[in-house]
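Got a sequence here, can you model it:
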Amino acid sequence: MIVYSVTITIVKAIETEWLKWMQEIHIPDVVSTGYFSKWQIKKELLPEGNSKETTYRIDYFAQSIDDYKKFTETEASRLQLKHKSKFSGKFKASRSVYSLLSK
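Have a look, this model is predicted:
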């Protein structure tokens, strides 16, 4: 199994709006592409960082690296642009891909 992990640091002033949008719109849009079977979202508690920002990690689970690659080739840019357009200048994002070694 492959884990596509997106880490987002968001301005606290819009955190509630962003989290609601992520859970109701963006994450379902990503999963509905058919390349991921499930997801998890986590809020970082420690280490405590900047008091004006909060960090989240969203993990999307794909059956294979090929599924992940197809997602990046066909869907990722469109979905990332949608996120960027809505929250431009209010977040930082980084992305990583992992192989899940244990369940």
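
what's the longest helix seen in the chain in contact with?
The residue-count maximum for a helix in the chain (DSSP state H) belongs to helix 76-87. Applying C-beta atoms under 8 Å, 6 or more residues apart in numbering, the set of residues contacting helix 76-87 from outside is I10, I14, W18, W21, H26, D29, V30, T33, A93. Just so you know, the C-beta spots here come from the backbone N, C-alpha and C atoms, and that holds for glycine as well.

Tell me what the last one is bridged to.
In other words, A93. According to DSSP bridges, the partner residues bridging A93 are I8.

what's near enough to touch it?
V6, T7, I8, T9, Q80, H83.

The fifth one too?
Under the criterion of C-beta under 8 Å, 6+ apart, the contact partners of H26 comprise L79, K82, H83.

Generate a ChimeraX selection restricted to the buried entries among those residues.
Those of these that count as buried under 16 or more other C-beta atoms under 10 Å are selected in ChimeraX with:
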select :83
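
Next, format the contacts of H26 as JSON lines and append distance to A62 and pLDDT.
As requested, those are arranged in JSON lines below (distance: C-beta to C-beta, whole Å; pLDDT from 0 to 100):
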{"residue": "L79", "distance to A62": "15", "pLDDT": "97"}
{"residue": "K82", "distance to A62": "20", "pLDDT": "96"}
{"residue": "H83", "distance to A62": "19", "pLDDT": "96"}
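
for the contacts of H26, which one is nearest N50?
Here the nearest of the contacts of H26 to N50, counting by C-beta to C-beta, is H83; it sits at 20.6 Å.

So W39 belongs to a helix, correct?
No: counting by DSSP: H, G, I helix; E, B strand; the rest coil, W39 is not part of a helix but strand.

tally of neighbours for it?
Neighbour count of W39, defined by other C-beta atoms under 10 Å: 17.

Bridged to it, which residues?
Y60.

Let me know the secondary structure of Q23.
helix.

I misspoke; the intended subject was G49.
coil.

contacting residues for the closest residue to it other than its chain neighbours?
Leaving out its chain neighbours, the residue that sits closest to G49 by C-beta to C-beta, 6 or more residues apart in numbering is T55, at 6.7 Å. T55 makes contact with T7, I8, T9, I10, K43, E44, G49, according to C-beta under 8 Å, 6+ apart.
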